[in-house]
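A.B. asks: Dropping a prediction and its sequence here:
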Amino acid sequence: MSDTILRARANPLLAASGRSDVPSFMVMDVMAAAARIEAAGGHVIHMEVGQPAAPAPQTAIKAAQAALAHGQVEYTAALGTPSLRARIARHYHDTYTCDVDPEQIVVTTGSSGAFILAFLALFEPGDRVAIAAPGYPPYRHILTALGCEPVLIETHAETRHALTGEALLAAHRDKPLKGVLVASPANPTGTMMSREALTDLIAAAESEGIRFISDEIYHGLDYAFPAVTAAELSPNALVINSFSKYFCMTGWRVGWMVVPPPLVRAMERLQQNLSISVPTLSQIAAEAAFDGAAEMEEIKHGYQENRRILTAGLPQAGLTDFLPADGAFYLYADVSKFTKDSFAFAKQMLEQAHVAVTPGADFDPFHGQSFIRFSYARSSAEMQDAVARICKWLA
């Protein structure tokens, strides 16, 4: 341990708070390791991070350029620009035939900002919030940092790795829950919940007064069947979405929530104090992104081709078992025939094959050591190259 760290620990003025002691987001560590290989001249195929390789739609880029050329970029209202909120509400009508009042829309700094606002508005310190395993790691890390208790509920192949009402109520009977968060399409699995499954889960939650949060940031990237929004199924559900995935706008950091009316003012107060408002240029670009749907659909077709390349090619390397890849741009693969340490397996794949993937241990403390996540959000040529490299590496 370095002298600097020892001195910092000895000085209480320099010690970090207990709430900051959350695990790292492992995928970021993989990205850093891949960057070191690239800095040394290596060529890495990036399948670790859930980030589209394609740029934002041209409609979004041109709108931001025009706004920037016009001059001053000021704060907006804390809940977002009225025109963007109205456009998002229209999106629900056009996509789901679901009527949402623009006053229910809260624009956020990506879905990450939405999670923080939602957890602060809905829960008190010590509240227990259920999430599915496997699941997105920052769910539990943010909850922990805010003083809540994440409750991981293991999912199974029999339910297509979706959280069920029965499992939720069993956890609630064991010790009361205050909330539940689910994602469909899900990260890291790519699995989706049917309308019936989502309806049953929401009904089970509401029957016991458990608040329901639906993470829908991969909506639009659905291949097996159309995604269903919780906004259509319950007026009490809180929905989180983002422009990062379908619209390829990760770095723009703009997302949104559909919020039950009684909670809107609480969200507004929190947003006013935590960030004042979402970056203005990002909101302008996001509104224009809806006009780039044709461009985004073409990119989606590319993901479908990448999905085909992996599901057809990886079995040649002995990777034959995947969770149902219904949507998003992830393939969650069982590597138990090769390893019981997915972190070491991913590390070796990166160092020896120069293919970066994310170990399942980041997503699932129950069985994650036997899984890795492939992101197929890059080009089809890269996916073909990745399959060839992995086949050669595992030969």
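C.D. replies: Arrived safely, thanks for sending.

A.B. asks: can you give me the helices for this structure?
C.D. replies: 3-10, 26-39, 58-70, 82-96, 110-122, 137-145, 165-174, 195-207, 261-274, 280-289, 293-313, 342-348, 380-394 (DSSP state H).

A.B. asks: Out of the ones you listed, flag the one nearest H367.
C.D. replies: H367 lies closest, by C-beta to C-beta, to one member of those: helix 342-348, at 9.6 Å. Using the backbone N, CA and C atoms, a C-beta is placed for each residue, glycine as well.

A.B. asks: Pull out the buried positions in the closest one.
C.D. replies: Neighbour counts over helix 342-348 (16 or more other C-beta atoms under 10 Å) mark S342, F343, F345, A346, K347 as buried.

A.B. asks: How about stretch 59-78?
C.D. replies: Buried residues in stretch 59-78, counting neighbours by 16+ other C-beta under 10 Å, are found at T59, A60, I61, A63, A64, A67, T76, A78.

A.B. asks: same deal with stretch 84-99?
C.D. replies: Neighbour counts over stretch 84-99 (16+ other C-beta under 10 Å) mark L84, R85, A86, R87, I88, A89, H91, Y92, Y96, C98 as buried.

A.B. asks: same thing with stretch 210-224?
C.D. replies: Within stretch 210-224, the residues that count as buried by 16+ other C-beta under 10 Å are 210-223.

A.B. asks: go on, stretch 279-286?
C.D. replies: P279, T280, L281, S282, Q283, I284, A285, A286.

A.B. asks: Could you dump those into TSV and include pLDDT and distance to S20?
C.D. replies: Shown next, in TSV, are the buried residues of stretch 279-286 (pLDDT from 0 to 100; distance: C-beta to C-beta, whole Å):
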residue	pLDDT	distance to S20
P279	96	25
T280	97	30
L281	96	30
S282	97	27
Q283	98	30
I284	97	34
A285	97	32
A286	98	31
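
A.B. asks: before we move on, the earlier item: export the buried residues of stretch 59-78 as JSON lines, with columns for distance to L168 and pLDDT.
C.D. replies: Below are the buried residues of stretch 59-78 laid out as JSON lines (distance: C-beta to C-beta, whole Å; pLDDT from 0 to 100):
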{"residue": "T59", "distance to L168": "40", "pLDDT": "98"}
{"residue": "A60", "distance to L168": "38", "pLDDT": "98"}
{"residue": "I61", "distance to L168": "42", "pLDDT": "97"}
{"residue": "A63", "distance to L168": "42", "pLDDT": "96"}
{"residue": "A64", "distance to L168": "42", "pLDDT": "96"}
{"residue": "A67", "distance to L168": "44", "pLDDT": "94"}
{"residue": "T76", "distance to L168": "37", "pLDDT": "96"}
{"residue": "A78", "distance to L168": "33", "pLDDT": "98"}
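
A.B. asks: closest to P359 among the residues you listed?
C.D. replies: Among the buried residues of stretch 59-78, A60 lies closest to P359 (C-beta to C-beta), at 33.3 Å.

A.B. asks: and the closest one, what is it in contact with?
C.D. replies: Going by C-beta atoms under 8 Å, 6 or more residues apart in numbering, A60 touches F247, M249, W252, A285, A286, A288, A289, G292.

A.B. asks: M193 now?
C.D. replies: M193 makes contact with A162, V182, S184, L201, V228, according to C-beta under 8 Å, 6+ apart.

A.B. asks: Farthest pair within the contacts of A60?
C.D. replies: Using C-beta to C-beta, the contacts of A60 span at most 13.0 Å, a distance reached by W252 and G292.

A.B. asks: what sits in contact with each of those two?
C.D. replies: The contact sets of W252 and G292 overlap at A56, A60 (C-beta under 8 Å, 6+ apart).

A.B. asks: Of the two, give the one with the bigger neighbour count.
C.D. replies: Higher neighbour count among W252 and G292: W252, with 24 against 20, using other C-beta atoms under 10 Å.

A.B. asks: and the gap between that one and V107?
C.D. replies: Distance, W252 to V107, by C-beta to C-beta, to the nearest Å: 12 Å.

A.B. asks: which residues are in contact with both of those two?
C.D. replies: Counting by C-beta under 8 Å, 6+ apart, the shared contacts of W252 and V107 are A286.

A.B. asks: give the contact list for the residue nearest to I142 when sequence neighbours are not counted.
C.D. replies: Of all residues not flanking I142 in the chain, F115 sits nearest, at 5.4 Å (C-beta to C-beta, 6 or more residues apart in numbering). The neighbours of F115, taking C-beta under 8 Å, 6+ apart as the test, are P138, Y139, I142, I240.
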